[in-house]
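Asks: Next one to model:
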Amino acid sequence: MLFMRKLLIFILLSAFILSSCEKLEIYKHHLKMIKVTELNSAKVSDSAIVRLLKEELNEDVSIRYTLSEDTALEMLANGEVDLAIIPNNTKYHTADIRVIVPLLPRIFVVLTHNIPADTEKDLKSLLENNPLIVEDLSRIDSIFMDKLFLSYNVDKHKVKGMRANSVNLEEWKDSSLVFIGLTHLHNPSMRTLIDEGAQFFSLDDPLLLGHGSSVEGFVMDYSSGVPFILPKDFYKGRPAKPVLTVAIQDILVTRGDVSGTLVYDIVKTLVEHRSRLIEMDNIYALLQTSKFSEEDFSFPLHRGAIDYLDRDQPSLLTRYASVLWPFLSMLAILAGAFASVNRRMKMRKKLSIEKFYRKLLLLRKRAVKESNEKEKEKLLKEVQKLRTEAFDALMEDKLVPDTTFQIFLILYGEVIEELQS
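Replies: As a prediction, the model looks like this:
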């Protein structure tokens, strides 16, 4: 019983010490991330998110870029990376991909440069009648663009585009042109054009959003897109008025077998530290992480993200399983060893009480045969001395206060009565 109390105290103290630790290394290696993005935006390192994850998770984070959604998801599925940032219109059916959290939107951007405002009638005439600089498109983005052209009755055969990645914008600063792309708003090419005086083109009147705008007509056919209003003066006084366009959310994904605790911590970090991201880069004002649900995405939510949304925080044992498991295994081994030693000790103590039995029985035999009163008094003192020795052994934890000791006391009482009769 005393041993079990000591063992329980040891376990509770260990748990308290572990729960008091502010940081434990619960991730086994640094986090590798890949992002699907247009080539120009790939020059932007997403340093705000990388820095925040490093600081809050106490973990090294690296990021690389690709134009191909298929490449990113194959690398994720094969374990070459831990996380991927992909557009929400990505389709992939051969791997267990799970969503962690939504990130920044990619916007269908139309910029007009040196084109008189009174000629900007509609998207069809704008694209078919002017030179175009087109941001590089992935296979999935090309599908998006084809559907958008079809929805706005743009004849793609009449659209003469030059790839933004191969154009020196300095040479075009005095020319009339249109820039289009499904792009992140920190795209350097787009910012260069804005600095040169380019204007945003709105697909429809923003006041018609919710009242049958052309953008709503398009997203009914292309469900991965969502209407998006770029606020007035978002970029150095531009746009001059709100712009209605289409956006596709970026999503942070991982594999289904990745730690739920890691995913929980990533979601918690990005949701609860949004203001810090905005301080580092104002583009994160567009980050919408406060409310999201599984039906918003092209892949199911990871269980760690669901736990965060339900605020089901991982238990201490779950969170530090990789640290605790060797400790608990060692504890179990030690407990088994202690139990074995404890059994041996109890057996030795049991043998010790038998020594007192034998001595007491021998004294009883002598008492039965003895008739001399003086000799009986001597035997009485010997029996009392034996009882004192037994209690001393009990106090020194050499005997167990169980039924065997109680039997010894009963036998002692009987011998005393016989000697005093």
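Asks: Can you give me the distance of residue 260 to residue 301?
Replies: 11 Å (C-beta to C-beta, to the nearest Å). Quick note: C-beta positions are derived from backbone N, CA and C, even for glycine.
Asks: quick one: average pLDDT of the helix or strand that contains residue 353?
Replies: Secondary structure assignment for residue 353, by DSSP states H and E: helix 321-369. Helix 321-369 shows a mean pLDDT of 67.
Asks: which is the next helix or strand following it?
Replies: Using DSSP H and E, the next helix or strand after helix 321-369 towards the C-terminus is helix 373-395.
Asks: which other residues reach that next one?
Replies: With contacts defined as C-beta atoms under 8 Å, 6 or more residues apart in numbering, helix 373-395 is touched by 352-353, 356, 359-360, 363, 366-367, 370, 399, 401, 405, 408-409, 412, 415-416, 419-420.
Asks: could you redo the last one with a cut-off of 7 Å?
Replies: 352, 356, 359-360, 363, 366-367, 370, 399, 401, 405, 408, 412, 415-416, 419 (C-beta atoms under 7 Å, 6 or more residues apart in numbering).
Asks: Of the residues you listed, select the buried ones using a ChimeraX command.
Replies: Buried members of the contacts of helix 373-395, defined by 16 or more other C-beta atoms under 10 Å, are picked up in ChimeraX with:
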select :352,356,360,363,366,367,399,405,408,412,415,419
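Asks: from the contacts of helix 373-395, which two are the most distant?
Replies: Farthest pair in the contacts of helix 373-395 (C-beta to C-beta) is 370 and 401. Separation: 31.8 Å.
Asks: What is the least confident helix or strand in this structure?
Replies: Each helix and strand of the chain was given a mean pLDDT (mean pLDDT, DSSP states H and E); the minimum falls on helix 316-319 at a mean of 52.
Asks: Identify the residue nearest the geometric centre of the protein.
Replies: The centroid of the chain falls nearest to residue 263 when counting by C-alpha atoms, centre = their mean (1.9 Å).
Asks: That one belongs to a strand?
Replies: No. Residue 263 is assigned helix when assessed by DSSP: H, G, I helix; E, B strand; the rest coil, not a strand.
Asks: nearest residue to it other than its sequence neighbours?
Replies: The spatially closest residue to residue 263, leaving aside those adjacent along the chain, is residue 304, at 2.7 Å (C-beta to C-beta, 6 or more residues apart in numbering).
Asks: tell me the domain ranges of the chain?
Replies: Using automatic domain parsing, the domains assigned to the chain come out as 32-319, 348-420.
Asks: Run a quick neighbour tally on residue 97.
Replies: Burial measure for residue 97: 22 neighbouring residues, criterion other C-beta atoms under 10 Å.
Asks: who's it bridged to?
Replies: Judged by DSSP bridges, the bridge partners of residue 97 are residue 255.
Asks: Same question for stretch 73-93: list its buried residues.
Replies: Neighbour-count burial for stretch 73-93, with 16+ other C-beta under 10 Å as criterion, is recorded at 73-77, 81-90, 92.
Asks: actually stretch 217-224, sorry about that
Replies: 218, 219, 222, 224.
Asks: Report how many residues lie close to residue 260.
Replies: Counted with other C-beta under 10 Å, residue 260 comes out at 20.
Asks: residue boundaries of the strands in the stretch 151-300 of the chain?
Replies: 161-163, 177-183, 199-200, 226-230, 243-255 (DSSP state E, counting those that start in this stretch).
Asks: any idea of the mean pLDDT in the last one?
Replies: Spelled out, that is strand 243-255. In the prediction, strand 243-255 has an average pLDDT of 94.
Asks: Next, the angle strand 226-230 makes with it.
Replies: 120 degrees (axes from the mean of the first three to the mean of the last three C-alpha atoms, to 10 degrees).
Asks: how much space between residue 268 and residue 274?
Replies: 11 Å.
Asks: Report the set of residues contacting both of these two.
Replies: Counting by C-beta under 7 Å, 6+ apart, residue 268 and residue 274 have no common neighbour.
Asks: circling back to that earlier point, okay if I get the strands of the stretch 151-300 of the chain as TSV plus mean neighbour count and distance to residue 34?
Replies: Formatted as TSV, the strands of the stretch 151-300 of the chain follow (neighbours: other C-beta atoms under 10 Å; distance: least, C-beta to C-beta, whole Å):
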stretch	mean neighbour count	distance to residue 34
strand 161-163	14	23
strand 177-183	24	18
strand 199-200	20	30
strand 226-230	18	24
strand 243-255	22	10
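Asks: Reformat the ones you listed as a markdown table; add distance to residue 30.
Replies: Below are the strands of the stretch 151-300 of the chain laid out as a markdown table (distance: least, C-beta to C-beta, whole Å):
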| stretch | distance to residue 30 |
| --- | --- |
| strand 161-163 | 35 |
| strand 177-183 | 29 |
| strand 199-200 | 40 |
| strand 226-230 | 34 |
| strand 243-255 | 15 |
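Asks: quick one: which of the ones you listed is nearest residue 53?
Replies: When the strands of the stretch 151-300 of the chain are compared (using C-beta to C-beta), the closest one is strand 243-255, at 10.3 Å.
Asks: name the helices or strands packed onto that closest one?
Replies: helix 69-77, strand 83-87, strand 97-113, helix 214-221, strand 226-230 (3 or more C-beta pairs under 7 Å, 6 or more residues apart in numbering; DSSP states H and E).
Asks: Next one: the residue nearest to the centre of the chain from residue 284, what distance?
Replies: In terms of C-beta to C-beta, residue 263 sits 20 Å off from residue 284.
Asks: Residue 137 too?
Replies: Residue 137 sits 25 Å away from residue 284, going by C-beta to C-beta.
Asks: sorry, back to before: of the strands of the stretch 151-300 of the chain, which is nearest residue 46?
Replies: Using C-beta to C-beta, the strands of the stretch 151-300 of the chain put strand 243-255 closest to residue 46, at 10.1 Å.
Asks: what's the angle between the closest one and strand 177-183?
Replies: Relative orientation of strand 243-255 and strand 177-183, computed by the same axes, to 10 degrees: 30 degrees.
Asks: Keeping just the C-alphas, turn strand 243-255 into CSV.
Replies: Extracted C-alpha coordinates of strand 243-255, given in CSV (Å, rounded to 0.1, in the frame of the first residue of the first chain):
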residue,chain,number,x,y,z
VAL,A,243,-13.9,46.9,-58.1
LEU,A,244,-16.1,43.8,-58.5
THR,A,245,-14.3,40.7,-59.7
VAL,A,246,-13.8,37.0,-59.0
ALA,A,247,-11.4,35.4,-56.5
ILE,A,248,-10.2,31.8,-55.8
GLN,A,249,-9.1,31.2,-52.2
ASP,A,250,-5.7,29.7,-51.5
ILE,A,251,-5.8,26.9,-49.0
LEU,A,252,-3.2,25.4,-46.8
VAL,A,253,-3.4,21.6,-47.1
THR,A,254,-1.5,18.5,-45.7
ARG,A,255,-1.9,14.8,-45.6
